[in-house]
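In: Kindly generate the corresponding structure for this input.
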Amino acid sequence: MSTHLAASPVAEALFAVLTLDATLDGLVPGGVHDDLPQDPTYPCVWYELLSETDRRGLGTGSLPELELRVHVYALYPGRQPAQAIVDRVIALLKDAALTPTGWTQAGLVFYDTTTALPLDEMNGVKVHELVASFRIFVEQ
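Out: Sure, this is the predicted structure:
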């Protein structure tokens, strides 16, 4: 395992937070995924770590900033069911302390935005998608 990239340990810590919550589990019968299945059950959640940028400045060591997006997919008319799920995701992650193996979180999880995307189709099924964006800083 690389000692330079924090993405895998952070992803494991995120998976634990999102899958061990009984309330979120009850809202998403399709589950929480880091790789969305080809034919998912809805509603479901998919999270992705988009980028890892070293923010250490002129010093030594490592201070990666990881950009996290959490996607919520729902079939229901209107956005209310998807909004309830995103609200729970934000409650779990905003200002959360994570425990990524081999890394120490620098600060808490930063919540930035939630974006409602236009009605979309996944495998011919119309879905509503909401995306919550976060930032996570860790250090070795």
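
In: Identify the bridge partners of residue 129.
Out: residue 73, residue 117 (DSSP bridges).

In: hang on, isn't it packed against residue 114?
Out: No: using CB atoms under 8 Å, residue 129 is not in contact with residue 114, being 11.1 Å away. To be clear about C-beta, it is placed using only N, CA and C from the backbone, and glycine gets the same treatment.

In: anything in contact with each of these two?
Out: Both residue 129 and residue 114 lack any common contacting residue under the criterion CB atoms under 8 Å, 6 or more residues apart in numbering.

In: Quick check: which element contains residue 114?
Out: Assessed by DSSP states H and E, residue 114 sits inside strand 110-122.

In: CA atoms only for that strand, dumped as CSV, please.
Out: Taking C-alpha atoms only, strand 110-122 is exported to CSV below (Å, rounded to 0.1, in the frame of the first residue of the first chain):
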residue,chain,number,x,y,z
PHE,A,110,-15.9,20.3,5.4
TYR,A,111,-19.4,20.4,3.7
ASP,A,112,-19.4,22.7,0.7
THR,A,113,-22.5,22.3,-1.5
THR,A,114,-25.5,20.2,-2.6
THR,A,115,-26.4,20.3,-6.3
ALA,A,116,-29.6,19.0,-7.9
LEU,A,117,-28.9,17.6,-11.3
PRO,A,118,-31.4,17.5,-14.1
LEU,A,119,-33.6,14.4,-14.4
ASP,A,120,-31.4,11.7,-15.8
GLU,A,121,-31.6,8.2,-17.0
MET,A,122,-29.6,5.2,-15.8
